[in-house]
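Colleague: Predicted coordinates and the sequence they were generated for:
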Amino acid sequence: MTKLRFNPDLMNVPLYVAGRSIQEIQEKFGLDKVVKLASNESPVGPSPLAAQAALEMMEEAHRYPGVADGVLRRKLAKKFGRGFTEENFLIGNGATDLLRMITQAFTFDGGNNIMADATFPMYHILTTTFSGECRIVPLDANHRFNLDGTLAAIDDDTRIVFLCTPNNPTGAIITQGEFDRFMRAVPEHVVVLMDESYHDYVTDPSHAESLAYVAQGRNVIVLRSFSKSSGLANLRVGYMIAPAEIAEYVRHALMPFNTSDIALGAASASMDDDEYNERQRKTVLDGREYFQSAFADLDLQTISSQANFVTFLSPPMGSARLTELLLQRGFIVRELTMFGMKNAIRVSVGLPEENEAFVETLKNILETEGVAA
């Protein structure tokens with residue numbers, strides 16, 4: 001029997017289960033073609049400018065990362081304006097790396113963090129990792145954040161409130177009015193973390209503008225990502241925007257050389273490719289509208305989404321069974337039990353032909369089960 005001493009808190013940390021890979025499903029079911037609509041990746045791939053920049057940076061792959069981090073932070077500061085400087089930005093190995101840093105920075109001696117019951121699982125996982133208490137506030141009947149309930153859950157030992165807008169996995173947003181009311185009431189000892197990884201897909205003008213609070217010096221941290229709209233999920237580049245004092249403090253949790261110059265160069269170049277950015281956004285917005293309409297035609301209840309995915313609820317044969325039937329036919333989707341939603345499936349927007357093939361396959365499955373509209 002082992003004599004090693006295990007961390008009891010670590011043993012209680014739930015494992016994050018990533019979406020199934022194309023290769024895995026090809027091998028399991030003997031399929032030549034598999035379409036992945038599970039992980040909210042960009043359907044159009046990276047910008048050609050980003051790909052070229054990454055290739056050029058490869059010539060220095062034998063060197064440790066250099067100045068690219070500062071270059072990207074200055075570029076982001078110029079983009080966002082509001083008086084921000086590079087000191088307001090911190091770059092991470094994806095937004096999850098930044099979530100780790102922030103949680104470690106503020107949950108160092110216990111305390112509690114507040115999150116929704118149906119949201120990105122890493123908030124719960126990281127809070128548990130750093131021995132914090134997870135206080136769960138259920139979404140409301142419309143699958144939106146219950147900010148009044150969130151305020152009621154705050155006490156003197158609350159460290160972080162995790163908010164995700166658009167929320168993963170629902171796609172629902174927090175409006176400006178809702179956020180303003182929340183910020184008027186939230187205590188000054190609490191960090192409000194706004195995870196805005198899907199911000200680039202928002203078209204609703206009522207969406208909360210959180211950066212104004214950062215510019216005012218409030219205890220607000222905003223997360224953004226190059227994984228989604230910039231098509232760089234494999235390179236892992238995310239960034240946070242915060243008052244300079246908070247950013248400098250969180251920097252103490254940053255691992256040395258956490259992001260490669262290859263990834264940073266690609267991220268920086270992607271910001272310059274206006275044609276790509278417009279094209280990929282249009283592809284996603286058109287696909288999102290198509291899914292919302294197609295799922296409604298199949299009598300599937302959906303949540304109005306402002307992200308690059310659409311979630312539907314209560315499929316007649318159950319989400320686990322439907323997910324398996326789709327896998328057998330070469331479509332990977334995300335069953336949402338791990339995200340705190342029972343009997344729900346999230347479908348990422350793909351290319352137009354992938355979206356159409358998926359809807360046709362879904363319709364055929366529902367007809368086979370005798371439940372199609």
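Modeller: Looks like it arrived, so ask away.
Colleague: other SSEs contacting the longest helix along the chain?
Modeller: Assignment by DSSP state H gives helix 274-297 as the longest helix of the chain. When contacts are defined as 3 or more CB pairs under 8 Å, 6 or more residues apart in numbering; DSSP states H and E, helix 274-297 sits against strand 301-302, strand 309-313, helix 352-368. For every residue, glycine as well, the C-beta is placed using N, CA and C.
Colleague: Quick check: which of those has the most neighbours on average?
Modeller: Most buried of the helices and strands packed on helix 274-297, by mean neighbour count (mean count of other CB atoms under 10 Å): strand 309-313, with a mean of 25.
Colleague: Let me know the average pLDDT across the longest helix of the chain.
Modeller: In this model, helix 274-297 has a mean pLDDT of 95.
Colleague: which residues are contacting it?
Modeller: The contact list for helix 274-297 (CB atoms under 8 Å, 6 or more residues apart in numbering) reads 42-44, 47-49, 200-201, 203, 229-231, 270, 302, 304-305, 307-310, 312, 347, 349-352, 355-356, 359, 373.
Colleague: What subset of these is buried?
Modeller: Among the contacts of helix 274-297, the ones that count as buried by 16 or more other CB atoms under 10 Å are 42-44, 47, 49, 200-201, 229-231, 270, 302, 304-305, 307-310, 312, 347, 349-350, 355, 359.
Colleague: what's the spacing between the closest residue to residue 68 other than its chain neighbours and residue 237?
Modeller: Excluding the flanking residues, the one nearest residue 68 by CB to CB, 6 or more residues apart in numbering is residue 264, at 3.8 Å. For residue 264, the distance to residue 237 (CB to CB, to the nearest Å) stands at 7 Å.
Colleague: what do you get for residue 300?
Modeller: Distance, residue 300 to residue 237, using CB to CB: 35 Å.
Colleague: If you count surrounding residues, which of those two has more?
Modeller: Using other CB atoms under 10 Å as the criterion, residue 300 and residue 237 rank with residue 237 on top: 27 against 19.
Colleague: Next, that one: phi, psi?
Modeller: Here is the backbone geometry of residue 237 (degrees, to the nearest 10): phi -130, psi 120.
Colleague: is it true that it touches residue 231?
Modeller: No. Look at residue 237 against residue 231 with CB atoms under 8 Å: they stay out of range, at 11.2 Å.
Colleague: Point out where the stretch 251-373 of the chain drops to low pLDDT.
Modeller: 370-373 (pLDDT under 70).
Colleague: what does the domain assignment say about the protein?
Modeller: For the chain, the structural domains run 18-46+274-368, 49-270, going by automatic domain parsing.
Colleague: The longest one: end-to-end distance?
Modeller: End-to-end distance for domain 49-270, by CA to CA, to the nearest Å: 6 Å.
Colleague: Equivalent analysis for the first one, please.
Modeller: For domain 18-46+274-368, the separation between the terminal residues is 29 Å (CA to CA).
Colleague: hang on, the earlier thing: could you dump the helices and strands packed on helix 274-297 to TSV with distance to residue 241?
Modeller: Formatted as TSV, the helices and strands packed on helix 274-297 follow (distance: least, CB to CB, whole Å):
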stretch	distance to residue 241
strand 301-302	31
strand 309-313	24
helix 352-368	33
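Colleague: which residue ranges form the strands in the stretch 201-350 of the chain?
Modeller: For the stretch 201-350 of the chain, strands defined by DSSP state E, counting those that start in this stretch occupy the ranges 220-225, 238-241, 301-302, 309-313, 331-332, 334-335, 344-348.
Colleague: Which among these is found nearest to residue 364?
Modeller: strand 331-332 (11.3 Å; CB to CB).
Colleague: which strands and helices sit next to the closest one?
Modeller: strand 35-36, helix 352-368.
Colleague: Next secondary structure element downstream of the shortest one?
Modeller: Per DSSP states H and E, the first helix or strand lying C-terminal to strand 35-36 is helix 48-57.
Colleague: related to what we said a few turns ago, what angle do the longest helix of the chain and strand 309-313 make?
Modeller: If you take axes from the mean of the first three to the mean of the last three CA atoms, to 10 degrees, helix 274-297 sits at 10 degrees to strand 309-313.
Colleague: Just the buried positions in helix 274-297, please.
Modeller: 276-277, 280-281, 283-284, 287-288, 290-292, 294-295.
Colleague: How about stretch 252-263?
Modeller: Neighbour-count burial for stretch 252-263 flags 253, 254, 258, 259, 260, 261, 262, 263 (criterion: 16+ other CB under 10 Å).
Colleague: contacting residues for the residue most central in space within the chain?
Modeller: In the chain, the centroid-proximal residue (CA atoms, centre = their mean) is residue 197; its distance is 4.8 Å. By CB under 8 Å, 6+ apart, the residues touching residue 197 are 95, 164, 168, 223, 224, 225, 227, 228, 238.
Colleague: Generate a markdown table for the residues you listed, with pLDDT, distance to residue 244 and neighbour count as supplementary columns.
Modeller: Shown next, in a markdown table, are those (pLDDT from 0 to 100; distance: CB to CB, whole Å; neighbours: other CB atoms under 10 Å):
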| residue | pLDDT | distance to residue 244 | neighbour count |
| --- | --- | --- | --- |
| 95 | 94 | 20 | 24 |
| 164 | 98 | 24 | 25 |
| 168 | 95 | 28 | 24 |
| 223 | 98 | 17 | 24 |
| 224 | 97 | 17 | 26 |
| 225 | 95 | 21 | 25 |
| 227 | 90 | 25 | 23 |
| 228 | 91 | 26 | 24 |
| 238 | 96 | 19 | 24 |
